[in-house]
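Undergrad: quick one, fold the following:
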Amino acid sequence: FGGLPSGAAGAVLVSPPMARLGTVAPLSFHISEPCELLVLRPRAPPGGPGREGAGLLPGWLAEGFIPAHGWGIQLQRDSSGDGAVPLDVFRSKMPVSGDVRLGKDVVP
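TA: I've put the predicted structure just below:
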């Protein structure tokens, strides 16, 4: 990632192991205290599958999260910044705690 916005200061960041990046398998983890959960997802090109607002999101994401605008986060593909991928940020509709399972990142 590039720098994180100030709104992420002090947040606990959960990142899947590098071996999982690019997979569509669900991700499970435990949260000990209620907190707002943010999910980052590569932004699909306009008109492409998975485009925010087009209703083409995985069901678990569309049902439990809402778009969190104004974050401006990009994933850098290399240290030169070439090929940066903008990310959409989604915020949980309510605080989350306990065992959490994020579903597959596929659109039915």
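Undergrad: what's the spacing between residue 6 and residue 70?
TA: Look at residue 6 and residue 70: by CB to CB, to the nearest Å, they are 11 Å apart. Yep, even glycine has a C-beta here, placed from its N, CA and C like the rest.
Undergrad: now do residue 64
TA: To residue 70, residue 64 is 20 Å away according to CB to CB.
Undergrad: next: residue 84.
TA: 18 Å.
Undergrad: what about these two, which has more around it?
TA: residue 84 (14 against 8; other CB atoms under 10 Å).
Undergrad: did I read that right, residue 63 in a helix?
TA: Yes - using DSSP: H, G, I helix; E, B strand; the rest coil, the assignment for residue 63 is a helix.
Undergrad: and it, how many neighbours?
TA: 10.
Undergrad: quick one: residues contacting it.
TA: Listed by CB atoms under 8 Å, 6 or more residues apart in numbering, residue 63 has no contact partners.
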